[in-house]
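Undergrad: Fold the following for me, if possible:
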Amino acid sequence: MLSRRNFLGFTGFTVTTTLLGTGLLKGAQLADKKRPNFLIVMADDCTYNDLPVYGGQNAITPNLDKLASQGLVFNRAYLGSAMCQPCRAELYSGLYPMSNGCTWNHSASRPDITTMPHHLGDLGYRVGLTGKVHVLPDNTFPFEKIPGFDPNCVRDPTRPHDVTGIRRFMDRSTDQSFCLVVALVEPHVPWVMGDPAKYPPEKIKLPPNIADTPTTRQAYARYLAEITYMDTQVGEILAVLESTGKANDTLVLFTSEQGAQFPGCKWTNWDTGLHTALIARWPGRIPPGKQTDAMVQYADVLPTLVDAAGGKPTTHHYDGTSFLPVLLNSESVHRKYVYGTHNNIPEGPAYPVRTVSDGRFRYIRNLTPDEIYIEKHLMGWSGDGKLNNPYWATWIRDAWNDSHTYNLVKRYMHRPAEELYDTAKDPYEMINLVDDPSFSKIKASLRSELDRWMALQGDPGAPQDTQEAIQAARLGKHLYGPHIKH
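TA: Numbering: from 1, shown residues only. This is a model prediction of the structure:
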């Protein structure tokens, strides 16, 4: 029996042979020339509202500021999991973590799904990736590997980057459109790039979800330095695109991935974990200097690219839908809800979390609230010590005589069964409204929507977050999900 992928390949060969025989392929190639190029630039572990574009008060990012002035800024863009591997799998597949199978970090997607290289390749695109890959299995994500940017999950040791590879990839063909993902390593820990001297620790304005200790300020300075270093890379990448003469024919997307490796950002379902920066530039198609409150999620990106390329997003199964009308300024609304999931293994003991947001209110369900939350890198017991954060111990030390720090530690480690936040008024989600009777209808509505989504995803909740489940996923033998019959 032919697999779905082999069937597509066989039918593609048959169609191509037929077109060659009838002379119609030349017309298809001419149509390909009119298709836009796609350039996706990803930061790594960058909290969206640490960027000046989103109100950040510290970081210096002239290239991102310029990009925002030339395109469209999404105020409400989200990802389905605030961990590197699951969110990238979502971006490249158009499927939520449970659907594509990568619901844990350092795991794997289902081997039978098709992804960005398949879908855009079917439309005649060259699909490449340079830098951090961090998705598995390889044949499910068959990107052409482009040299020049650090492919490691973290920048250790430091390596200079080289734009020669991406220039050659962009320039290689005049007849074929390209899609290129440049997946940067910054500002992922250990925060070794850039110049921290530009950010004197005593002058940093810490957000309210970060405890104020001297060690934390020093770490934050290094983090900000890496944001600025990342911004210079964005400038270099865009300059290469400009030098090829293809900038006017290219849809550029910049995204910041999930929140930074500070308590309350990465590895959480709070807004500072799941909310991501998304900036789009497409000369002549996207009006410059605009913002939108339309809600989008990483699962929506691939169907949007397929749509922009002239394909039919309905050809493949996606959890997301195309937001091309938002890009083209013909629609101001896209989603009604965005969703999030966290399964803590292998970063620490099991602590499954689920969330839903309507863009203003966020509802969170902690499925094992009687347990304490532990993340090994933050707590300082990752083994080799390279990714440990020394500031956490200072939070614990200061908690005994500083009420704000105490509440931050408690918020992180001891979580109630349910949380509800008015994120629009409380962007760092510090005030839990779940027991406030004036918000009971909103809580009930979001609770019901989360139940509906989990059932649709085949999400069993807490039973999924087990060592058995993650080991099965790594072998491509996923135990749970929408494609599995129980």
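Undergrad: Could you check how far the helix or strand containing D65 is from the centre of its chain?
TA: Using DSSP states H and E, D65 maps to helix 62-70. Relative to the centre of its chain, helix 62-70 is centred 20 Å away, using C-alpha atoms, centre = their mean, to the nearest Å.
Undergrad: Need the contact partners of it.
TA: With contacts defined as C-beta atoms under 8 Å, 6 or more residues apart in numbering, helix 62-70 is touched by 51-53, 231-232, 234-235, 238, 252, 254, 279, 281, 283, 288-289. (C-beta placed from N, C-alpha, C; glycine too.)
Undergrad: Pull out the buried positions in that helix.
TA: Using 16 or more other C-beta atoms under 10 Å as the test for burial, helix 62-70 gives N63, L64, L67, A68, Q70.
Undergrad: Which of those residues sits closest to D45?
TA: Each of the buried residues of helix 62-70 was scored against D45 by C-beta to C-beta, and L64 proved nearest at 15.8 Å.
Undergrad: Got the confidence number for the closest one?
TA: The predicted structure scores L64 at 98 on the pLDDT scale.
Undergrad: One more: V189?
TA: On the pLDDT scale, V189 gets 89.
Undergrad: Mind listing the strands the helix or strand containing M295 pairs with, and their directions?
TA: Remark: M295 resides in strand 290-297, with elements defined by DSSP H and E. The strands that strand 290-297 pairs with in its sheet are strand 72-78 (parallel) (by DSSP bridges).
Undergrad: now whatever helix or strand comes next after the strand it pairs with against strand 290-297, angle please.
TA: The C-terminal neighbour of strand 72-78 among helices and strands, as given by DSSP H and E, is helix 84-93. Here helix 84-93 points in a direction 100 degrees away from that of strand 290-297 (axes from the mean of the first three to the mean of the last three C-alpha atoms, to 10 degrees).
Undergrad: I'd like to check what contacts helix 84-93. Which residues are they?
TA: 42, 44-45, 79-81, 95-97, 99-107, 109, 113-116, 132, 134-136, 141, 153, 183, 188, 255, 257-258, 297-299, 301-302, 341.
Undergrad: what about that helix, average pLDDT?
TA: In this model, helix 84-93 carries a mean pLDDT of 97.
Undergrad: returning to what we had before: which of the contacts of helix 62-70 fall in strands?
TA: Counting by DSSP state E, the contacts of helix 62-70 place V252, F254, I279, R281 in strands.
Undergrad: want to throw these into JSON lines with neighbour count and distance to S173?
TA: As requested, those are arranged in JSON lines below (neighbours: other C-beta atoms under 10 Å; distance: C-beta to C-beta, whole Å):
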{"residue": "V252", "neighbour count": "23", "distance to S173": "19"}
{"residue": "F254", "neighbour count": "26", "distance to S173": "24"}
{"residue": "I279", "neighbour count": "26", "distance to S173": "27"}
{"residue": "R281", "neighbour count": "22", "distance to S173": "22"}
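Undergrad: Now distance to Y351 too, for those residues, in CSV please.
TA: CSV is the format used below for these (distance: C-beta to C-beta, whole Å):
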residue, distance to Y351
V252, 37
F254, 31
I279, 32
R281, 39
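Undergrad: List just the nearest of these to E375.
TA: The closest of the ones in strands among the contacts of helix 62-70, once distances to E375 are taken by C-beta to C-beta, is F254, at 27.3 Å.
Undergrad: isn't the closest one right next to T276, touching?
TA: No - contact criterion C-beta atoms under 8 Å: F254 and T276 do not qualify, at 10.1 Å.
Undergrad: in the sheet, who's paired with the residue lying closest to P36 once chain neighbours are set aside?
TA: Taking C-beta to C-beta, 6 or more residues apart in numbering, and ignoring the residues beside it in sequence, P36 has L251 as its nearest neighbour in space, at 5.1 Å. On the basis of DSSP bridges, L251 is bridged to F38.
Undergrad: Do a quick rundown of the helices in the stretch 251-400 of the chain.
TA: Secondary structure of the stretch 251-400 of the chain (DSSP state H, counting those that start in this stretch): helices at 271-274, 301-308, 324-327, 376-379, 391-399.
Undergrad: ok, and for stretch 193-207, which residues are buried?
TA: By neighbour count, with 16+ other C-beta under 10 Å as the criterion, the buried positions of stretch 193-207 are M193, G194, P196, Y199, P201, I204, L206, P207.
Undergrad: my guess is the last one meets Y428, correct?
TA: Yes - P207 is in contact with Y428 according to C-beta under 8 Å; the separation is 6.1 Å.
Undergrad: shared neighbours, those two?
TA: When contacts are counted by C-beta under 8 Å, 6+ apart, P207 and Y428 have T272 as shared neighbours.
Undergrad: Tell me, please, where in the stretch 101-250 of the chain the pLDDT is lower than the cut-off.
TA: By pLDDT under 70, the low-scoring segments of the stretch 101-250 of the chain are 156.
Undergrad: mind listing the strands in it by residue range?
TA: Assigned by DSSP state E, counting those that start in this stretch, the strands in the stretch 101-250 of the chain fall at 126-131, 144-145, 178-183, 250-255.
Undergrad: Output those in CSV; the columns should cover distance to K34.
TA: Conversion of these to CSV gives the following (distance: least, C-beta to C-beta, whole Å):
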stretch, distance to K34
strand 126-131, 16
strand 144-145, 22
strand 178-183, 14
strand 250-255, 13
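Undergrad: Burial-wise, tell me which of those strands comes out on top.
TA: Mean neighbour count, computed with mean count of other C-beta atoms under 10 Å, is highest for strand 178-183 among the strands of the stretch 101-250 of the chain, reaching a mean of 25.
Undergrad: Worst mean pLDDT among the helices of the stretch 251-400 of the chain?
TA: Comparing mean pLDDT across the helices of the stretch 251-400 of the chain, the lowest value falls on helix 376-379: a mean of 73.
Undergrad: Now do the buried residues in the strand holding M295.
TA: Judged by neighbour count using 16+ other C-beta under 10 Å, the buried positions of strand 290-297 are T292, A294, M295, V296, Q297.
Undergrad: Among these, which one lies nearest to G461?
TA: Nearest to G461 among these: Q297, at 20.7 Å, using C-beta to C-beta.
Undergrad: Thank you, goodbye.
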